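Q: pasted the sequence and its predicted model underneath.
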Amino acid sequence: MLTACADPSSLSGLTWLICYLTTGKHLAFYASFGTVLLLLAITAPAALAFGFAGASAARSRVAPLRWIGKTYIAIVRGVPDIAFFLFFVLALDIFFEWIRHEIKCPDWDQPIWQGNDFVVCAAAKLPLGNAPQWVHETYGFFLAVLTFAIVFGAFAANVLFGAMRAVPRAQLETAEAYGMSRRQVYWRILVPQMWIYALPGLSNLWMVLIKATPLLFLLGVEDIVYWARELGGAKTPRFTDYPHPDWRMWYFLFLLVFYLAFTRVSEIVLDRITTRLRHGQATIGGTAQRSAT
């Protein structure tokens, strides 16, 4: 906070507004935009990794792997995102604490489930009760990222599975005729060729992921939606040094502009990636796209 803001009651006009926008809570609000961008930066490649693994398993010739891949895609895509987020974060937390409990407290002689309560030894708690606040926040963010990656990984797996099937079979057979092994055909022919088919679906999935970031608020992470609601609500002199009426509309309007600008930048980047992947593409789909251009 600026030195001139020491006595908010004596301020007015532009000075009051500048001091109001530089309070500690507003600095946390600005930092929460970094939280959202960090979530996207980590979740996107993680979801793509889950999707690639799921798609590869779904097209595997090994029946158990194929069943696992298709079941993962079907179950996650069939459950509403909000319900899955609320359930899976809790389930992950319980699972991690149970693993730690089995390792750190082998002599525990009480039941873990006591009625509706899940009780583990103090050493198995995640995070520990005496851990600093940043550890609790980091752990919550980690659970959120993992949940996002698993959920959107299922959608990515469905997109990649379809893209793999879209690659002309003749190309794969030609590679096999030249003596390539199945592994070589997969990594040198199928995977490089599939991206041009997968990118439209992955682009849509990226946009959906951007729009899903407000779900962080439901997972207990102090994101931009949390702070917009917190700061925009009506404040009286009793609860703040900067009283103001209900300004939530203006805060959420700012978030609207932010998301629209971010999606527009994403569209530009994705168009350039598509053009780059389309260059020299030797498939029927690539030829049609070049002709259309």
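A: Thanks, I have it. These figures come from a predicted structure and were not determined experimentally. Residues are numbered from 1 along each chain as shown.
Q: number of residues surrounding R264?
A: A total of 10 residues lie near R264 under the criterion other C-beta atoms under 10 Å. C-beta here means a position set from N, CA and C on the backbone, and glycine is covered the same way.
Q: just for this protein, where's the confidence low?
A: Along the chain, the model assigns pLDDT under 70 to residues 1-4, 6, 8, 11, 129, 238-239, 279-293.
Q: how about the helices in this protein?
A: Listed in chain order, the helices found in the chain under DSSP state H are 13-20, 24-58, 63-78, 81-104, 133-166, 169-177, 182-185, 191-212, 224-232, 248-278, 284-292.
Q: for K125, which of those is the nearest?
A: Of all the helices of the chain, helix 81-104 sits nearest to K125, with 6.5 Å by C-beta to C-beta.
Q: dump the C-alpha coordinates for that closest one into CSV.
A: Output for helix 81-104, consisting of C-alpha atoms alone and laid out as CSV, is shown next (Å, rounded to 0.1, in the frame of the first residue of the first chain):
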residue,chain,number,x,y,z
ASP,A,81,-17.7,-32.1,-14.7
ILE,A,82,-18.8,-30.4,-11.4
ALA,A,83,-19.8,-33.7,-9.8
PHE,A,84,-16.6,-35.3,-10.9
PHE,A,85,-14.5,-32.4,-9.6
LEU,A,86,-16.2,-32.4,-6.2
PHE,A,87,-15.9,-36.2,-5.8
PHE,A,88,-12.5,-36.8,-7.2
VAL,A,89,-10.6,-34.2,-5.1
LEU,A,90,-12.0,-35.7,-2.0
ALA,A,91,-11.3,-39.2,-3.2
LEU,A,92,-7.7,-38.3,-4.1
ASP,A,93,-7.1,-36.8,-0.7
ILE,A,94,-8.5,-39.9,1.0
PHE,A,95,-6.4,-42.2,-1.2
PHE,A,96,-3.1,-40.4,-0.6
GLU,A,97,-3.7,-40.3,3.2
TRP,A,98,-4.6,-44.0,3.2
ILE,A,99,-1.3,-44.8,1.4
ARG,A,100,0.7,-42.7,3.9
HIS,A,101,-1.2,-44.3,6.8
GLU,A,102,-0.4,-47.8,5.7
ILE,A,103,3.3,-46.9,5.3
LYS,A,104,3.8,-44.6,8.4
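Q: check which helices and strands that helix sits against.
A: The criterion is 3 or more C-beta pairs under 8 Å, 6 or more residues apart in numbering; DSSP states H and E, and the helices and strands that helix 81-104 contacts are helix 133-166.
Q: just the angle for the helix it packs on relative to helix 24-58, thanks.
A: Going by axes from the mean of the first three to the mean of the last three C-alpha atoms, to 10 degrees, helix 133-166 is angled at 40 degrees with respect to helix 24-58.
Q: returning to that earlier point: can you put the helices of the chain in a markdown table and add distance to T240?
A: Shown next, in a markdown table, are the helices of the chain (distance: least, C-beta to C-beta, whole Å):
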| stretch | distance to T240 |
| --- | --- |
| helix 13-20 | 9 |
| helix 24-58 | 9 |
| helix 63-78 | 42 |
| helix 81-104 | 31 |
| helix 133-166 | 22 |
| helix 169-177 | 65 |
| helix 182-185 | 63 |
| helix 191-212 | 31 |
| helix 224-232 | 10 |
| helix 248-278 | 15 |
| helix 284-292 | 56 |
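Q: looking at those, which is nearest to G115?
A: With C-beta to C-beta as the yardstick, what comes closest out of the helices of the chain is helix 81-104 (14.8 Å).
Q: so which of the helices of the chain comes closest to A122?
A: Taking C-beta to C-beta as the criterion, helix 81-104 is the member of the helices of the chain that comes nearest to A122, at 9.5 Å.
Q: tilt between that closest one and helix 191-212?
A: 100 degrees.
Q: how about the helices of the chain, which one is nearest Y242?
A: Using C-beta to C-beta as the criterion, the shortest distance between Y242 and the helices of the chain is 4.6 Å, found for helix 13-20.
Q: circling back to that earlier point, which of the helices of the chain sits closest to N116?
A: That would be, of the helices of the chain and by C-beta to C-beta, helix 81-104, which comes in at 12.3 Å.
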